[in-house]
Every structure is written in C-alpha cells, then in structure tokens.
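J.: need a 3D model of the sequence below.
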Amino acid sequence: MNVSESLTPPRRLRRTWPDAGWAAAFCAAYVVLDWASYIDAFHRLNITPWSPAAALGLLFLLRGGPGGVATMLAALVAGDLIVRDLRAPLWAILLLDSMLAAGYMAIAWVLKRQVGEEGMFVDRAGLVKWAAIVMSGSLANSALFVSGLIATDQLPVSGWSDATLRFWVGDGVGIFVTLPLLWWLQDGRRRQIFRTTVGCWESLGYVALVMVTLWFTFAFSAEGRFRYSFVLYLPLVWAASRQGLVGAIFCASLLQLGMLVAGWLWEGASMSVFELQMRALMLAIVGFLIGVAVDEQRRAAADLRHTLRLAAAGEMAAALAHELNQPLTALSAYGAASERILERDGGSEQLRDVIRRMRLEAGRAAEVVRRLRDFFRTGATQLERFPLRELMDAALRPFRDKADQHGIVLSVSGASAAELYADRLQLEVVLRNLLSNAFEAVADNPAGSRRVRVTTELREEGLLSIRVEDSGPGVASLVSDSLFEPFVSTKSSGLGLGLAISRSIVDAHGGSLAVETGAHGCFRLILPIETMKVSVHG
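T.: The predicted structure follows:
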C-alpha cells in the first residue's frame with residue numbers, strides 16, 4: 001500500500017465527516033441561541049420566557065438531521081453546561097435533558113405523521129393542526145420536564161404549576177414564532193420566495209411602523225397598564241394582508257424581538273418578560289391566521305385564472321383543429337389522386353414513396369388534430385394497451401434525421417420493456433412537444449455542445465419516469481411556476497400553448513409533468529404503467 005492510500009480515510013469515515021460537521025454546527029447554533037435567550041430565568045434553570053433554541057431543535061428533528069435525537073441531547077447538555085451554572089450532578093442533567101430530547105422527538109414524529117413538512121403552513125387547516133400539536137406537545141413536555149426537576153430536587157414541589165406554565169410559554173412561543181421563520185429560511189427554494197416577498201420597498205414601511213408602534217406602546221406604559229398595546233397589530237395586519245403568511249412571519253419575528261428589546265430599554269414599564277411573550281403569542285396567532293387566509297384567497301384566485309385561461313386555450317385549440325382539419329383532408333385527397341395518376345401514367349418509385357409518406361403524415365396529422373379537438377371539447381381519450389418501445393420509436397422518429405442535420409447528439413437510454421394503458425397519440429404529442437422544445441433550446445449552442453438525452457426509468461411504485469434533458473440554458477426558478485400556464489412562453493414566437501396542452505393531457509392520464517430548474521433544461525414526465533417482463537437487452 002502506497003503513502004497516499006495510507007493517508008486516505010476509509011469510505012465510511014469519509015461519509016461520516018460531513019454529518020459530524022453538520023451535527024457540530026447545529027450544537028453550536030443551539031448553544032448560541034440558548035445563551036442569547038437566557039433571560040429572566042426561573043430559579044436559574046432552563047425555564048425562560050423565550051426559547052428560540054427549541055424551535056431550532058424541533059426543525060433539526062423534523063428534517064432528520066445527522067444523529068437525530070442523540071445530537072439533540074448533546075446540544076441540550078452543552079447548553080446546560082456552558083450557559084447555565086447548574087448545581088446538579090451529571091446524571092441528573094443527562095436524565096432531564098434526555099426527557100426533553102425525547103419530548104421534542106415525539107412532537108416532531110407527530111408533526112410528520114399528522115401534518116407533514118410540506119403541509120404545515122399551506123392552509124388554515126394545516127396551520128391550526130400544526131399549532132395544536134406544537135402547543136399541546138410543549139405543554140406535555142413542560143409538565144414532564146418540571147416533574148423531573150422536582151424528582152431530582154432541583155425545584156420545590158410548590159413551584160410545579162408556575163414552572164410548568166413558564167416553561168410552556170417559553171417553549172411554545174419560541175417554537176410558534178421562530179419555527180416558521182426557520183422553516184422558510186432553511187430551504188433554498190423557500191428562501192428565494194421569502195427574499196422575493198419581503199425584499200421590497202413596502203417592507204421598509206411596516207418595519208418602520210413596527211419601530212414607531214413599539215416606541216409608542218412602551219414609552220406611554222410607565223404605569224404598567226400597557227394600554228396602548230393594540231397599536232402593535234397595525235404593522236402585523238399590514239404585512240399579513242399584503243404579503244400573506246411570509247410577511248406575517250417576518251413581522252411577528254420583528255415584533256417579538258422588538259418587544260424584548262423595548263422591555264429591557266424601558267424598565268419603568270412594569271411588564272414582565274413573561275407577560276410580553278404572552279402578548280407576542282397573541283400577535284403571532286392573529287398575524288398567521290390573516291396571512292394564511294390571504295394566501296388561500298390568492299391561490300383560489302390564481303386557480304380560477306388558470307382555469308379560465310385553460311378554457312380559453314382549449315377553445316383556441318379546438319378552433320385551430322377545426323380550421324386545420326379541412327386542409328389536411330384536402331392534402332390527403334391530393335396525395336391519393338397523385339398516386340392514381342402515377343399508376344396510370346407511370347413514374348419513378350422514389351416519387352411514389354414520397355407521395356406515400358406524405359399521405360401517411362397527413363393522415364396522422366389529421367388524426368392528431370381530431371383527437372385534440374375531442375379532448376378539449378369533451379375530455380375524451382382513446383385508451384389502448386401498447387408497449388413503451390413503440391411510443392418512444394414513434395415520438396423520436398422525426399427527430400433522428402433532424403439531429404443529424406443540425407449536429408445534435410440525440411441519445412436514448414433506460415428501460416423500454418413496459419406496457420402503458422393510455423392514449424398513444426396524445427402521449428406522442430406530449431413527447432414530441434418536449435423534444436421540439438429541447439431541440440430549440442440547443443439550437444444556438446456552439447457545434448459540439450448540442451445534446452439532447454431521453455431517459456426512461458421504471459420505478460418500484462408502478463410508475464414510469466421519462467426525462468428529456470438538453471444542454472441548453474435551462475429554465476429559471478422564477479419562471480418555472482408559470483411555465484405551464486396557457487399563453488406563457490419563453491420564446492418570442494411562441495403561443496404558450498404547447499406545455500399547457502401537454503400538462504393537461506398528462507393530468508388526464510393520472511400522471512405529472514414538471515420542469516427541473518438548473519443550469520440546463522430538464523423536463524420530467526411521470527406516468528402510471530403496467531410492467532412487462534424486463535428483457536436482458538431492454
């Protein structure tokens with residue numbers, strides 16, 4: 001074994017290093033948040049009126065972070081040893097933190113099963129279910145943790161109810177306000193949506209209003225009645241009504257942090273941090289409900305616009321089909337007449353073959369037009385069983401010669417031994433449209449860098465995946481959401497109907513058609529299949 005091989009870590013260890021780095025980074029971030037929020041602690045314990053570290057830990061468990069509950073336990077122990085000067089034996093710290101880690105893991109497990117990561121902040125039902133699980137889970141976790149404190153002689157029995165309430169509010173408010181913000185910031189696509197939504201001049205307006213209302217509320221609350229706190233709802237309602245749930249989350253986080261800072265600056269206002277956090281919780285609840293209602297209304301309006309545009313596209317496609325049907329029928333008739341003339345007067349075999357192909361293509365075009373017209377008028381499809389290989393051959397046939405003519409490398413790979421029960425002609429239209437778009441995307445590439453690849457894959461869940469990739473510039477993420485809308489096109493000469501019609505056809509077959517954003521173009525078509533025996537050469 002040479003020196004370089006001896007210095008190379010084992011493959012398993014190389015895979016472990018990134019996970020260990022992420023786990024260490026999480027523990028460090030958790031301790032920093034724990035230290036920053038360690039204010040007004042109850043009996044110098046891990047009971048504070050604001051606990052954003054709990055939100056970070058819950059998100060870590062929801063996302064399946066490296067190490068899972070063991071890493072969460074390590075972060076909790078590190079926080080107790082570094083941030084708090086606990087006069088408790090190590091076994092008691094480990095026991096109490098194990099109880100907390102298990103409680104957070106239970107909350108994450110229930111959230112995954114009952115709501116799912118993608119369903120937490122989508123609609124009112126998901127938001128209410130998420131809030132109920134978080135608050136009830138935090139209450140149960142608080143009761144068990146405080147009971148553990150009493151059992152290990154860290155807290156007197158008389159302080160159980162007060163400690164449980166304070167721990168519940170601290171964890172509940174920390175998770176309720178901070179977790180949505182972290183959830184939006186931890187994913188690249190959500191982070192871009194968040195930045196696009198909040199990064200506008202209007203946001204500066206309600207941020208300034210947050211500062212003004214905080215000053216007005218605390219400066220005139222010297223007697224402790226906090227009677228002007230209602231003005232804090234103004235910037236929150238503004239943000240939620242204009243920017244939906246994203247704006248509400250951003251504004252609620254600003255208000256919570258601002259209330260803590262203002263409470264520290266205006267010490268004369270006899271309002272405890274606990275009371276401030278209760279008001280911050282009420283603000284967040286109102287803001288989130290307004291924001292998610294605004295998002296639902298906008299989605300409903302967008303769905304209605306999409307339906308109307310799709311109906312208009314269907315009417316246009318049906319009208320075009322009607323107008324094209326007669327010329328195509330005439331073309332087929334002229335071809336038949338030409339064949340009869342050749343039979344009577346004679347002619348070359350090459351000319352006879354050209355006319356025969358012309359008639360076949362004219363007949364196929366007429367059938368496509370007729371089937372599309374029927375599809376948009378009545379949603380009708382003519383289902384039949386056919387091999388995947390036949391569909392791919394028919395869709396690729398006109399593009400093979402085109403690839404040779406334009407210097408495009410067209411490659412096809414993957415499984416082909418599958419059987420579909422679908423409308424063959426409609427799916428052929430979809431594949432040809434995707435291939436046509438791919439060929440147009442690479443047309444301006446330098447010679448030698450024009451590549452189009454079609455990959456088919458049979459999935460275990462009984463689905464067929466067809467990917468059409470090209471070496472073109474790709475689709476920007478901001479455009480991908482509207483790319484399948486009728487009359488939306490990235491080409492100056494495009495009508496914006498091809499992808500809209502293709503998705504409608506795929507949806508009617510129980511499949512899906514999506515674009516993958518990246519440096520190059522990639523469309524993914526998913527269809528249900530009936531698998532055949534996969535051949536050795538397939």
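J.: going by C-alpha atoms from here, please, whenever you check contacts or count neighbours.
T.: Noted.
J.: now the strands: where do they sit in the stretch 351-500 of the chain?
T.: Taking DSSP state E, counting those that start in this stretch, the strands of the stretch 351-500 of the chain run over residues 384-387, 409-414, 418-422, 451-458, 463-470.
J.: mean confidence for the third one?
T.: Right, the one you point to is strand 418-422. Across strand 418-422, the average pLDDT comes to 83.
J.: quick one: the residue lying farthest from the centre of the chain and L331, what's the gap?
T.: Taking Cα atoms, centre = their mean, the residue of the chain most remote from its mean C-alpha position is D345, at 66.5 Å. Shown here: D345 relative to L331, a distance of 21 Å by Cα to Cα, to the nearest Å.
J.: what do you get for R357?
T.: Separation of R357 from L331 (Cα to Cα): 12 Å.
J.: poorly predicted segments of the stretch 351-500 of the chain, please.
T.: Low-confidence segments of the stretch 351-500 of the chain, defined by pLDDT under 70, span residues 376-380, 416, 476-481, 486-496.
J.: next one: the longest helix along the chain to chain centre, how far?
T.: Counting by DSSP state H, the longest helix found in the chain is helix 273-345. Remark: helix 273-345 is offset 21 Å from the chain centroid, using Cα atoms, centre = their mean, to the nearest Å.
J.: could you list every helix and strand in contact with it?
T.: Applying 3 or more Cα pairs under 8 Å, 6 or more residues apart in numbering; DSSP states H and E, we find helix 273-345 packed against helix 124-151, helix 160-185, helix 233-265, helix 349-378.
J.: export these to JSON lines and append columns for distance to L324 and mean neighbour count.
T.: Output for these, formatted as JSON lines (distance: least, Cα to Cα, whole Å; neighbours: other Cα atoms under 10 Å):
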{"stretch": "helix 124-151", "distance to L324": "48", "mean neighbour count": "19"}
{"stretch": "helix 160-185", "distance to L324": "49", "mean neighbour count": "22"}
{"stretch": "helix 233-265", "distance to L324": "46", "mean neighbour count": "22"}
{"stretch": "helix 349-378", "distance to L324": "7", "mean neighbour count": "16"}
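J.: could you dump those helices into JSON lines and include distance to F60?
T.: Below are those laid out as JSON lines (distance: least, Cα to Cα, whole Å):
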{"stretch": "helix 124-151", "distance to F60": "15"}
{"stretch": "helix 160-185", "distance to F60": "10"}
{"stretch": "helix 233-265", "distance to F60": "19"}
{"stretch": "helix 349-378", "distance to F60": "47"}
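J.: wait, which of these is closest to A54?
T.: Ranking those by distance to A54, with Cα to Cα as the measure, places helix 160-185 first at 6.2 Å.
J.: the helix or strand that the closest one is followed by - what's its average pLDDT?
T.: Note on helix 160-185: by DSSP states H and E, the next helix or strand toward the C-terminus is helix 188-198. Across helix 188-198, pLDDT averages out at 83.
J.: hmm, L276 and L260 touching each other?
T.: Yes - with contact defined as Cα atoms under 8 Å, L260 counts as touching L276 (7.4 Å).
J.: and S449, how many neighbours?
T.: 16 (other Cα atoms under 10 Å).
J.: quick one: contacts for it?
T.: By Cα atoms under 8 Å, 6 or more residues apart in numbering, the residues touching S449 are 408, 471.
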